[in-house]
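**Student:** predicted coordinates and the sequence they were generated for:
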Amino acid sequence: MTSDVHNETLGNWFKVTIPNGRKYDKTWLMKSIQNLCSVPFSPVDFHYDKHQARFFVQDARTASALKDVSYRICDNTNRKISIFVTPSVVPYSVKNKLTSKQMELLKVTVMKRYDASHKALDLEKLRFDQELMDNDIDMMLNRRSCMVATLQIIQSNIPELLSLNLCNNKLYQLDGLSDVIEKAPQVKILNLSRNKLKSVLELEKVKELKLEELWLEGNPFCNKYADQSDYISAVRDLFPKLLRLDGNELVVPKRMDVEVPQASKETTKESEFIKNLIVQFLKEYYLFYDSGDRLRLLDAYHDEACFSLVIPFNFNDPNMSNLEEYFKYNRDIKKMKDSYMRLRLLKHTKRDIVDSLSLLPKTQHDFCSFWVDMCFHTDMMLCFSVNGLFKEVEGKCQGCIRAFTRIFIAIPGMNSRICIINDELIVRNATPSEIKKAFNSQSTPNSSVQTPLSEEQQEMVKSFSVQSGMKLEWSQKCLDDNEWNYTKAGEVFTILKNEGKIPKEFFK
């Protein structure tokens, strides 16, 4: 009898993966899934793993019901959300869950390290705490089970926590710490210095914290920035309310502090300030624009901003027809006689603008091709144009090189940012000479050499193979052909399979 209970506890586990689930709020995502699932369930060990959301369930009936939910949930861009369910070993956080006695000892240790007067908890080198070592409790905070246990104690005993020190704990990822957002939402000071974080992207897992002070020095990724301003900018993108970084005060200009320009009097300092402001804006803007999730551009626009798109007609261009995805949004007022259509094609309010941008083909811009021209600037307004090249990365025109001009009019925004109030995009086919120069700074892929798959991509291939029934090599090709977009690859596979266009030898 004992053996059967033990097997029931450790067996029959299933891993549930939501590709690109990182961009969805946990509460909304789980509520949406539970509302459509025919079997009630409680997710075990929900966490974000890079771009994916994951959790575990133990019952085969629940696993089957969750498979049926796939593609039935739509996000706010009307994109269907896919759900992959695969057999799994026992979740680490369950297998290594601390006993009640260990939890009590951990609670005593944590509370001894808590400074109630400052609402500060010092967990530096927690693994080497003498009391824990004397009781053979190995508190490696990189283990989800250890971090989960620690956060549970914080939630139950220190809900008012303002400062958390996790320095010197050999953290190389922050998956387990992501729960701090709901366990200790009032934390304003976080010390992650002298750990093993290799990418600033790890901080996205705790970006919902309203941090005012953050310590990161001594992590490997900090040395990757040649310029201190780039390092500060990368961190502040995630924590816009940050006042101190690594102990240093951050300057937060309230407005663009420049005088009305006079060409003969404009100082080098003013010119450099405006240049850096625009360059930083363009880096952030096109990073989000090319990411596939253009909803992240909402903060770049004023609430009442305007946007229009124009396609200049060129009789000498034999390939004008391949711009059809843009022509339907073309607002050339010289040719557009219908006043109603002219008004309809002028996008007004930031939500309409970003929704319209999301309908345009997915792209990759060649930042090295950008040519920026300052039209004018005052203390309260900035106008500049950007010329450059981009290529489409999916669809029937995948790989096509386009040339564009973007004219932005902006005003000062929050946190030393600029806020777009008018945006005009002009798109045309690139000339042969422009195509030749495009993306020259990037090495050309060699078809005879395959880039090794990342750990995340390998996991995606395995999951896709289990769900589709295809062999690993064809699952990989399907994902690769669809830019490693799980949802799109699943939709394409389903369509082709239903039409009988996938050869039998592709399957296991």
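**Tutor:** Arrived safely, thanks for sending. Numbering: from 1, shown residues only.
**Student:** when you work out contacts or count neighbours from here on, use the C-alpha atoms and nothing else.
**Tutor:** Will do.
**Student:** all strands for the stretch 51-200 of the chain, in order.
**Tutor:** Using DSSP state E, counting those that start in this stretch, the strands of the stretch 51-200 of the chain run over 52-57, 73-74, 80-81, 84-88, 114-115, 120-122, 163-165, 189-191.
**Student:** who wins for proximity to residue 238 among those strands?
**Tutor:** strand 189-191 (13.7 Å; C-alpha to C-alpha).
**Student:** now the element after that closest one, going C-ward?
**Tutor:** strand 213-215 (DSSP states H and E).
**Student:** which positions within the following helix or strand past that next one qualify as buried?
**Tutor:** Next helix or strand after strand 213-215 toward the C-terminus (DSSP H and E): helix 228-238. Going by neighbour count (16 or more other C-alpha atoms under 10 Å), the buried part of helix 228-238 is 231, 235-236, 238.
**Student:** redo those as a markdown table? Include distance to residue 95 and pLDDT.
**Tutor:** Below are those laid out as a markdown table (distance: C-alpha to C-alpha, whole Å; pLDDT from 0 to 100):
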| residue | distance to residue 95 | pLDDT |
| --- | --- | --- |
| 231 | 39 | 88 |
| 235 | 35 | 91 |
| 236 | 38 | 86 |
| 238 | 34 | 87 |
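**Student:** can you pull out the strands in the stretch 251-400 of the chain?
**Tutor:** Counting by DSSP E, counting those that start in this stretch, the strands of the stretch 251-400 of the chain are 301-310, 347-348, 363-377, 382-392.
**Student:** now these as a markdown table including mean pLDDT, distance to residue 404 and mean neighbour count?
**Tutor:** What follows is those, written out as a markdown table (pLDDT from 0 to 100; distance: least, C-alpha to C-alpha, whole Å; neighbours: other C-alpha atoms under 10 Å):
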| stretch | mean pLDDT | distance to residue 404 | mean neighbour count |
| --- | --- | --- | --- |
| strand 301-310 | 89 | 10 | 20 |
| strand 347-348 | 84 | 19 | 20 |
| strand 363-377 | 85 | 10 | 16 |
| strand 382-392 | 91 | 6 | 20 |
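**Student:** so which of the ones you listed gets nearest residue 501?
**Tutor:** Among the strands of the stretch 251-400 of the chain, the nearest to residue 501 by C-alpha to C-alpha is strand 382-392 (25.7 Å).
**Student:** check which helices and strands the closest one sits against.
**Tutor:** With contacts defined as 3 or more C-alpha pairs under 8 Å, 6 or more residues apart in numbering; DSSP states H and E, strand 382-392 has these neighbours: strand 363-377, strand 401-412.
**Student:** looking at the ones you listed, which is nearest to residue 466?
**Tutor:** strand 363-377 (30.4 Å).
**Student:** who does the closest one pair up with?
**Tutor:** When pairing is defined by DSSP bridges, strand 363-377 lines up against strand 382-392 (antiparallel).
**Student:** distance from the longest helix seen in the chain to the middle of the chain?
**Tutor:** Secondary structure of the chain per DSSP state H: the longest helix is helix 268-289. What separates the centre of helix 268-289 from the centre of its chain is 21 Å, taken as C-alpha atoms, centre = their mean, to the nearest Å.
**Student:** contacting residues for the nearest residue to residue 346 once chain neighbours are set aside?
**Tutor:** Nearest residue to residue 346, sequence neighbours excluded (C-alpha to C-alpha, 6 or more residues apart in numbering): residue 308, at 5.3 Å. Contacts for residue 308 (C-alpha atoms under 8 Å, 6 or more residues apart in numbering) come out as 330-331, 345-347, 423-425.
**Student:** pLDDT below threshold where in the stretch 151-300 of the chain?
**Tutor:** Residue ranges of the stretch 151-300 of the chain with pLDDT under 70: 251-270.
**Student:** re earlier: okay, the angle between the longest helix of the chain and strand 382-392?
**Tutor:** Orientation check (axes from the mean of the first three to the mean of the last three C-alpha atoms, to 10 degrees): helix 268-289 against strand 382-392 gives 40 degrees.
**Student:** helix 268-289: which residues count as buried?
**Tutor:** Within helix 268-289, the residues that count as buried by 16+ other C-alpha under 10 Å are 274, 278, 281-282, 284-287, 289.
**Student:** going by distance to residue 19, which of the buried residues of helix 228-238 wins?
**Tutor:** Nearest member of the buried residues of helix 228-238 to residue 19, counting by C-alpha to C-alpha, is residue 238, at 21.7 Å.
**Student:** can you verify my assumption that that closest one contacts residue 207?
**Tutor:** Yes: here residue 238 lies in contact with residue 207, judged by C-alpha atoms under 8 Å, at a distance of 5.6 Å.
**Student:** for residue 48, phi and psi?
**Tutor:** Per-residue torsions, residue 48: phi -100, psi 130 (degrees, to the nearest 10).
**Student:** which residues in the stretch 401-508 of the chain form helices?
**Tutor:** For the stretch 401-508 of the chain, helices defined by DSSP state H, counting those that start in this stretch occupy the ranges 432-437, 455-468, 472-481, 486-498.
**Student:** surely residue 132 and residue 138 touch.
**Tutor:** Yes: under the criterion of C-alpha under 8 Å, residue 132 makes contact with residue 138 at 7.1 Å.
**Student:** out of those two, name the residue with the larger neighbour count.
**Tutor:** Per other C-alpha atoms under 10 Å, whichever of residue 132 and residue 138 has more neighbours is residue 132, with 18 against 14.
**Student:** gap between that one and residue 121?
**Tutor:** Separation of residue 132 from residue 121 (C-alpha to C-alpha, to the nearest Å): 17 Å.
**Student:** returning to that earlier point: can you dump the C-alpha coordinates of the longest helix of the chain into CSV?
**Tutor:** What follows is helix 268-289, C-alpha atoms only, in CSV (Å, rounded to 0.1, in the frame of the first residue of the first chain):
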residue,chain,number,x,y,z
THR,A,268,28.5,70.7,-28.9
LYS,A,269,27.1,69.5,-25.5
GLU,A,270,23.5,70.2,-26.7
SER,A,271,24.0,68.5,-30.0
GLU,A,272,25.5,65.5,-28.3
PHE,A,273,22.6,65.3,-25.9
ILE,A,274,20.0,65.3,-28.7
LYS,A,275,22.0,62.8,-30.7
ASN,A,276,22.2,60.4,-27.8
LEU,A,277,18.5,60.9,-27.0
ILE,A,278,17.5,60.0,-30.6
VAL,A,279,20.0,57.1,-31.0
GLN,A,280,18.8,55.5,-27.8
PHE,A,281,15.2,56.0,-28.8
LEU,A,282,15.8,54.3,-32.2
LYS,A,283,17.6,51.3,-30.6
GLU,A,284,14.7,50.7,-28.3
TYR,A,285,12.0,51.4,-30.8
TYR,A,286,13.3,49.0,-33.5
LEU,A,287,14.3,46.3,-30.9
PHE,A,288,10.6,46.2,-30.0
TYR,A,289,9.4,46.7,-33.6
